[in-house]
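Participant: Quick one, structure for this:
(chains A and B)
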Amino acid sequence: MNDTPALVETQVLSLERPFRFESGDIIPRIDVAYETYGRLNERRDNAVLIEHALSGDAHAAFYHPGDRKPGWWDCMIGPGKAFDTDRYFVICSNVVGGCRGTSGPASIDPATGRPYGLTFPPLSVRDMVEVQRVLLGHLGIDRLKCIAGGSMGGMQALQFFCDYPLQFDSFICLASAMKHSAQQIAFNEVGRRAIMADPRWNGGDYYAAVPPEGGLSVARMIGHITYLSEKMMQEKFGRLKKDKESKAIFRPSFEVEHYLDHQGISFVRRFDANSYLYITNAIDNFDLKSSLSSRERFRGESRQRGAHLKGMRGKRGLVISFSSDWLYPPSQSKEMVQLFAALGVQVSYAEISTEHGHDAFLTDYHRPSEITQGFLSSLS
Amino acid sequence: MYKIPAQNYPIIQEWIAQGSRVLDLGCGDGSLLKTLAVTRQVDGIGVEISHEMILKCIGKGLCVYQADIDKDLSEWADGSFDYVVLNATLQVITRPYRVIEEMLRVGKFAIISISNFGYARNRLRVLAQGRVSSRVRLSGGWHDSPVLRFVSLREFMSSVREIGVEIMDARYFFPFNVVSNTRWPLYNLLAKEGIFRLRRA
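Facilitator: Down below sits the predicted model:
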């Protein structure tokens, strides 16, 4: 590997044509932010689509010019890495409803000239997938080697794979679930309430004023508690105090308080509160199994009920969970494996033993990398 | 950890019908599954606990499921498989009866191979050394050997019958590569290993 960091810039595809959401609502135009790494081969069959998680964006790997930190999954994407950019053409785009370049509630509604706010259509995981289909069409790719993602990215990977099985050779799903449990919905709801209880939220109309930073940072703090394991938190922070001399009451003094405070503050700088509401709502309502069997399917490779399921037979799947992940526990990944095995997908399951909780899918890359490399090499 | 005896492969292939669904418990590096996929076109999945073995299986393009077979078979639905194989793995299992019952719940047939603790050399080693030989333990001492179960062919056969399992077919491995499908006199003394095809009685 060379020493000079590989650079990348986020590109934006602007489509001056309407996009229809699963809800039936239509927006007149749409932007899609994306990045690509590696090169598309002549046969156009080496593409890999990466899906980001709740707070992620299109910047999955490499460095933006001048940045000191690479993309969010740089440990997995690059020359010689799990998603080897010497072999594969890797694509990642920001989800619709997000706030990192793709159209979302903070985007300008051409009808009013003002940000959508809560007039942005209700969002589903399937909408995220459909927007990426538009992007793939623009890039001239109709067949992909693999679709991969962790957490919410895993949900998109599963939905995309199940709706269009003939477009993919395989999927990789890390630390995810086919639907949220009551506990997962509950944590998201507390986050949403924190935002909506902030007076600056103002019914979602705050773009001309100060955004609801207090509420959004509390939502992020709650999120971060669920991303770490109890043991890891104890080892990392314990009861350590940062400033023992301080007499100020109810100011962050424990290390863990400072950590959460920092996570909250750095999040509000780069994330839109309304996007947080829309996206968490979309993943709470995600239910893969029922979306596969529903009669109301209006998208997907076949409108005939059940016919799309046949397309999955013989496809390859890889499900990875992390032992101490209590937000998306291994049991949810195992359910997924059972479903795909029953549908005739050649599916494998690995449980990585780690103390790092849900965050492990971003940090414990060594074993997932080995498995992913073996899996992708065995595809052709 | 230890070698899966490939000598059983021809017998397992003979017993498994073309294109059937196979679950291989303790599949190791997946060599049996690969053989069955090539020769019998089975739709197979392995269960393994070791990360290194999982890697090897995935690299071969096989389906593998990382789990502890002592705990995690309950996730598979009844009758998900035609055959469930436990090749040279029974001796490391904590709750063998439970595993055998689970095998016959998730599969129509079970195939189990065991090494015979009643084999003459094992008996002689106990007599001579006054302890279970390290060769029987495969690796480690009495406290950390993976081998937990020491069972003779006779004991195994009569005990599975007691839990309502029928032995449909058996092969006995004698010294000098002699394999027999009939129970010769003194088989429990002279056979090194046995392999059985089982179903619910």
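
Participant: what's in contact with the helix or strand harbouring residue A:375?
Facilitator: Taking DSSP states H and E as the definition, one finds residue A:375 inside helix A:366-377. For helix A:366-377, the surrounding residues in contact (CB atoms under 8 Å, 6 or more residues apart in numbering or on different chains) are A:48, A:75-76, A:81-84, A:87-88, A:145-146, A:148, A:170, A:172, A:174, A:316, A:318, A:320, A:348, A:350, A:352, A:361, B:51, B:54-55, B:58-59. C-beta here means a position set from N, CA and C on the backbone, and glycine is covered the same way.

Participant: list the buried ones in stretch A:230-244?
Facilitator: Using 16 or more other CB atoms under 10 Å in any protein chain shown as the test for burial, stretch A:230-244 gives A:232, A:237, A:241.

Participant: Start and end of it, how far apart?
Facilitator: 24 Å (CA to CA, to the nearest Å).

Participant: can you list the residues of the stretch 201-350 of chain A near chain B?
Facilitator: When proximity is defined as CB under 8 Å from any CB of the partner chain, the stretch 201-350 of chain A approaches chain B at A:316, A:318, A:334-335, A:337-338, A:341-342, A:346-350.

Participant: for the spatially closest residue to residue A:101 that is not a sequence neighbour, what are its contacts?
Facilitator: Closest residue to residue A:101 apart from its sequence neighbours, by CB to CB, 6 or more residues apart in numbering or on different chains: residue A:33 at 2.5 Å. Neighbouring residues of residue A:33 by CB under 8 Å, 6+ apart: A:10-13, A:57-58, A:93-94, A:100-102.

Participant: Among the contacts of helix A:366-377, which are located in strands?
Facilitator: Residues from the contacts of helix A:366-377 lying in strands, with DSSP state E as the criterion: A:48, A:83-84, A:146, A:148, A:170, A:172, A:174, A:316, A:318, A:320, A:348, A:350, A:352.

Participant: got TSV for these, with pLDDT and neighbour count too?
Facilitator: Listed next are the ones in strands among the contacts of helix A:366-377 as TSV, based on pLDDT from 0 to 100; neighbours: other CB atoms under 10 Å in any protein chain shown:
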residue	pLDDT	neighbour count
A:48	98	26
A:83	98	27
A:84	98	20
A:146	98	26
A:148	98	31
A:170	98	23
A:172	98	29
A:174	98	28
A:316	97	22
A:318	98	26
A:320	98	27
A:348	98	29
A:350	98	26
A:352	97	24
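
Participant: how about those in CSV, adding distance to residue A:136?
Facilitator: Shown next, in CSV, are those (distance: CB to CB, whole Å):
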residue, distance to residue A:136
A:48, 12
A:83, 17
A:84, 20
A:146, 13
A:148, 15
A:170, 16
A:172, 18
A:174, 21
A:316, 20
A:318, 21
A:320, 24
A:348, 26
A:350, 28
A:352, 30
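
Participant: Now residue B:9: which helix or strand?
Facilitator: In the assignment (DSSP H and E), residue B:9 maps to helix B:9-15.

Participant: Does anything pack onto the helix or strand just after that helix? Which helices or strands?
Facilitator: Per DSSP H and E, the first helix or strand lying C-terminal to helix B:9-15 is strand B:21-25. Counting contacts by 3 or more CB pairs under 8 Å, 6 or more residues apart in numbering or on different chains; DSSP states H and E, strand B:21-25 packs against helix B:31-40, strand B:43-48, strand B:81-86, helix B:96-106.

Participant: thinking again about what came up before, doesn't the residue nearest to residue A:101 lie inside a helix?
Facilitator: No - read with DSSP: H, G, I helix; E, B strand; the rest coil, residue A:33 is strand and lies in no helix.

Participant: Next one, pLDDT for it please.
Facilitator: Note on residue A:33: pLDDT of 98.

Participant: Sketch out the helices for the chain, chain order is fine.
Facilitator: If you meant another chain, say so; for now it's chain A. Using DSSP state H, the helices of chain A run over A:125-139, A:152-163, A:182-197, A:213-227, A:230-236, A:255-270, A:273-285, A:288-293, A:307-310, A:330-342, A:360-363, A:366-377.

Participant: please go with chain B instead
Facilitator: B:9-15, B:31-40, B:51-59, B:96-106, B:120-129, B:134-137, B:153-162, B:187-190.

Participant: got any ranges where chain B has weak pLDDT?
Facilitator: Within chain B, the stretches with pLDDT under 70 are B:1-5.

Participant: Farthest from the middle of it: give me that residue.
Facilitator: In chain B, the greatest distance from the average C-alpha position (CA atoms, centre = their mean) is reached by residue B:128, at 28.5 Å.

Participant: Number of residues surrounding residue 144?
Facilitator: No chain specified, so I'll use chain A. Residue A:144 has 25 neighbouring residues, counting by other CB atoms under 10 Å in any protein chain shown.

Participant: To clarify, I was referring to chain B.
Facilitator: Neighbour tally, residue B:144, other CB under 10 Å: 8.

Participant: Now the residue nearest the centre of chain A: closest residue in space, sequence neighbours ignored.
Facilitator: Central residue of chain A (CA atoms, centre = their mean): residue A:53, 2.0 Å from the mean position. Once flanking residues are discounted, residue A:53 sits nearest to residue A:151: 4.0 Å by CB to CB, 6+ apart.

Participant: Correct me if wrong: the one you found contacts residue A:361.
Facilitator: Yes - using CB atoms under 8 Å, residue A:151 makes contact with residue A:361 at a distance of 6.4 Å.

Participant: where do the contact lists of the two overlap?
Facilitator: A:174-175.
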